[in-house]
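1. Got a sequence here, can you model it:
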Amino acid sequence: MNGGVMNKGFVLNLFFLLILSFAVHAADQTPQTQNATPWPQNVSYHLSLQLDKPAQENLYSGTVVISFDLASNNRDLFLDFNSGTVVALTINDKPVTQPVYDSNTITLPARSLVTGTNHVSVMFSHTYGINNLGLLRYQDLKDSKTYVYTAGGSEFARYVFPCFDQSDITSSLNLVLQTPADWRVITQGKADVVSLPNKTNRFWAFRSSQPAVVSSFVLIAGPFEQWQKDHNQLSMRLFVRASLADKIKPVEWFSPIKLGMAFYQNYFKTPYPHNKIDQVFLPEQVSQEGHSALLVMSDASLSSQRRVQVRSLLNKMAHQWLAPNITTASTRDLWLVDGYAQYSAGLAADQIDRLASQQAQALPTNARPEPPVNTTGLDTTLTPQGDDTNFYSYLKTLTPTATRESVSTLASNTAATTCSQERLEQLDRFITNNPRLPGVMKTHFLSAKQQYELCLNKRGE
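-> Numbering: from 1, shown residues only. Purely as a prediction, here's the structure:
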């Protein structure tokens, strides 16, 4: 028995060491930045997590190897890591005997860093999150099955693992997981299942993600039921908890994706930027709109009106085009991104409604039409019906807030319906920070800025 335990531990350690050593070697091939900024550049994370600990421990553990370039090493750096436990810290192959950790940040002393490429390794553990922050764990009351998922919006990654959790630092991420054997794992990248060390566990190795802010990291895992359908070489997958599988009609969730793809690729004049798109239903609505190739819905949406379901999917789909093209230097600018996503979703929803109506009228009156799948007739030149006929008027109905959760409620008040110097300054800063906005996006934001300026000039501000 002891020999078996030692052998299992040796296999696990060897597996993680091989993955991490390969990742660190690959990171060394990245050219050093020419920018003289004191902040980390060319950041990459190689994260391994163990998610199969006994439920009573309410704990997961992991190791993260962070590679980054520095133009100078004349100041301390700090890794964000809230309310966890630091087991071991190594900086450039030298163990730190007494890591400085204050439950919020891990200090990386300047004397341990070098100009050029640095490697930092942190072994850590963390309890599963509460209050909608970090990596949450949910036990289904109907069948006692357990699921885990990330939640928290901007700057939440620090509640999951040690990282540079800043909106102006982008990074790639490699992920290795150990889970129970019957779990499925959903994240941004494509997964390769590694051979099982035994019958109760499974290893997952995910390909490196595209550079993005670390708060866009997403991890969802558990014994989900899964449906898959391919469309024009795009892999579409649908995940729901086992206890809710009988409430799902896959065609009702795959059809809006097909229509949304046709509309947005024409509207944005840009192909869909990923090779897959996943829909996942979770016990609660969590803020993950910006996550690549992933649409997260709440269980409650299964019983929503059909129009609400489709509008929500289209809104989340719009973010798949926005996220790779837009940078928000401040959380104060998120309302602009969300406003544009909801505006373009309104355009798409109107066109899909009209197409569905046309297709239904062509059928016999006693025929019950399925959700439309024929994309012929989608017109991206038309604006939504009703009052919101342009992006500027739509922006005026939104209340700027610091969180996506609040923006998504479309809260409005009297003050929000008027133009203001503050809004113009936010819009101007947003445009300046995003000089490479694709055509239609740039047109809408510049037009909104112009109309804000006209409005202020009329008011004499």
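
2. got the CA coordinates for stretch 86-94 in PDB?
-> What follows is stretch 86-94, C-alpha atoms only, in PDB (Å, rounded to 0.1, in the frame of the first residue of the first chain):
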ATOM      1  CA  VAL A  86       1.600  30.500   0.300                       C
ATOM      2  CA  VAL A  87       3.300  27.100   0.700                       C
ATOM      3  CA  ALA A  88       6.500  27.800  -1.100                       C
ATOM      4  CA  LEU A  89       8.000  30.700  -3.200                       C
ATOM      5  CA  THR A  90      10.900  30.400  -5.700                       C
ATOM      6  CA  ILE A  91      12.300  33.400  -7.700                       C
ATOM      7  CA  ASN A  92      14.700  32.700 -10.500                       C
ATOM      8  CA  ASP A  93      15.400  29.200  -9.200                       C
ATOM      9  CA  LYS A  94      16.200  30.400  -5.700                       C
END
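
3. quick one: contacts for the nearest residue to residue 212 once chain neighbours are set aside?
-> Once flanking residues are discounted, residue 212 sits nearest to residue 170: 5.7 Å by C-beta to C-beta, 6 or more residues apart in numbering. Backbone N, C-alpha and C define where each C-beta goes, glycine included. With contact taken as C-beta atoms under 8 Å, 6 or more residues apart in numbering, residue 170 is in contact with 43, 211-213.

4. Quickly find the element holding the residue nearest to residue 301 when sequence neighbours are not counted.
-> Leaving aside its chain neighbours, residue 301 sits nearest to residue 309 (5.8 Å; criterion: C-beta to C-beta, 6+ apart). When elements are assigned from DSSP states H and E, residue 309 belongs to helix 306-322.

5. quick one: contacts of that helix?
-> Contacts for helix 306-322 (C-beta under 8 Å, 6+ apart): 252-253, 256-257, 260-261, 264, 268, 270, 272-274, 277, 279, 289-293, 295-297, 301, 304, 337, 340-342, 344-346, 348-349, 352-353, 441.

6. Distance from the chain centre to whatever helix or strand comes next after that helix, please.
-> Following helix 306-322 in sequence order, the next helix or strand is helix 334-361 (DSSP H and E). Remark: helix 334-361 is offset 22 Å from the chain centroid, using C-alpha atoms, centre = their mean, to the nearest Å.

7. how many degrees apart are helix 334-361 and helix 306-322 in direction?
-> Between helix 334-361 and helix 306-322, the angle comes out at 130 degrees (axes from the mean of the first three to the mean of the last three C-alpha atoms, to 10 degrees).

8. So for helix 334-361, what gets flagged as buried?
-> Along helix 334-361, these residues count as buried under the neighbour rule (16 or more other C-beta atoms under 10 Å): 334-352, 355-356, 359.

9. Buried residues in the helix holding residue 309, which are they?
-> Within helix 306-322, the residues that count as buried by 16+ other C-beta under 10 Å are 309-322.

10. Tabulate those (JSON lines), appending pLDDT and distance to residue 98.
-> Compiled in JSON lines, the buried residues of helix 306-322 are given as follows (pLDDT from 0 to 100; distance: C-beta to C-beta, whole Å):
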{"residue": "309", "pLDDT": "87", "distance to residue 98": "54"}
{"residue": "310", "pLDDT": "87", "distance to residue 98": "56"}
{"residue": "311", "pLDDT": "87", "distance to residue 98": "54"}
{"residue": "312", "pLDDT": "86", "distance to residue 98": "49"}
{"residue": "313", "pLDDT": "89", "distance to residue 98": "50"}
{"residue": "314", "pLDDT": "90", "distance to residue 98": "52"}
{"residue": "315", "pLDDT": "88", "distance to residue 98": "48"}
{"residue": "316", "pLDDT": "89", "distance to residue 98": "45"}
{"residue": "317", "pLDDT": "90", "distance to residue 98": "49"}
{"residue": "318", "pLDDT": "89", "distance to residue 98": "48"}
{"residue": "319", "pLDDT": "87", "distance to residue 98": "43"}
{"residue": "320", "pLDDT": "88", "distance to residue 98": "45"}
{"residue": "321", "pLDDT": "86", "distance to residue 98": "47"}
{"residue": "322", "pLDDT": "84", "distance to residue 98": "44"}
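
11. between those residues, which is nearest residue 104?
-> For these, the minimum distance to residue 104 (C-beta to C-beta) is 29.3 Å, reached by residue 319.

12. Give me the below-cutoff pLDDT ranges for this structure.
-> Residue ranges of the chain with pLDDT under 70: 1-37, 152-154, 193-198, 285-291, 327-332, 355-389, 396-418, 460-461.

13. Got the domain ranges for it?
-> Segmentation of the chain into domains, based on automatic domain parsing, reads 2-223, 226-459.

14. residue ranges of the helices in the protein, please?
-> Using DSSP state H, the helices of the chain run over 2-28, 250-267, 306-322, 334-361, 391-395, 404-407, 421-433, 439-459.
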